[in-house]
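Visitor: Model the structure of this input:
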Amino acid sequence: MRPMVEFCVSNLSLGSETVKKILEEENEVDVLEYGCLGNCGQCFVQPYALVNGRLIVGEDAQDLLTAIRTYIEKVRAEDEAWRELGF
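Guide: Predicted coordinates for the structure are as follows:
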């Protein structure tokens with residue numbers, strides 16, 4: 001299953017728009033944009049996204065992109081480990 005990365009339209013001006021565009025161009029994850037993700041306190045502080053429902057934040061766009069990629073790789077490695085165990 002492809003990872004799902006969700007962005008709040010209100011947060012795009014803090015740098016997450018750059019990350020959204022990069023992820024859309026790479027076409028390795030499903031990218032969605034919503035009017036509100038219900039994280040209003042976080043939304044006005046720093047760039048963030050939800051990855052498979054988990055809040056991922058960054059100090060700036062590059063930091064957010066790195067954090068998203070790191071989290072996705074961690075999830076993929078865990079999924080692979082479970083498959084190797086027969087689950």
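Visitor: Name the residues that touch the helix or strand of the chain with the lowest mean pLDDT?
Guide: Taking mean pLDDT, DSSP states H and E as the measure, the chain has helix 40-43 as its least confident helix or strand, at a mean of 88. When contacts are defined by C-beta atoms under 8 Å, 6 or more residues apart in numbering, helix 40-43 is touched by residues 8, 10-11, 14, 37, 48, 55, 57. (Each C-beta comes from the backbone N, C-alpha and C, glycine too.)
Visitor: what do you get for stretch 21-32?
Guide: With C-beta under 8 Å, 6+ apart, stretch 21-32 has contacts from 2-7, 20, 65, 68, 72.
Visitor: Of the contacts of helix 40-43, grab the buried ones for ChimeraX.
Guide: To isolate the buried ones among these in ChimeraX, judged by 16 or more other C-beta atoms under 10 Å, type:
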select :8,10,11,14,37,48,57
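Visitor: model confidence over stretch 50-67, on average?
Guide: For stretch 50-67, mean pLDDT rounds to 97.
Visitor: neighbours around K21, how many?
Guide: For K21, the count of nearby residues is 13 (other C-beta atoms under 10 Å).
Visitor: so where does it fall, helix or strand?
Guide: For K21, the enclosing helix or strand under DSSP states H and E is helix 16-26.
Visitor: surely Y48 meets L64?
Guide: Yes. When contacts are counted by C-beta atoms under 8 Å, Y48 is listed as touching L64 (6.9 Å).
Visitor: shared neighbours of those two, anything?
Guide: Shared contacts of Y48 and L64 (C-beta under 8 Å, 6+ apart): 16, 56-58.
Visitor: Neighbour-wise, give me the winner out of those.
Guide: S16 (27 neighbours).
Visitor: didn't that one look like it was pressed against Y48?
Guide: Yes. Contact criterion C-beta under 8 Å: S16 and Y48 qualify, at 6.7 Å.
Visitor: Show me whatever sits in contact with both of the two.
Guide: Shared contacts of S16 and Y48 (C-beta under 8 Å, 6+ apart): 8, 64.
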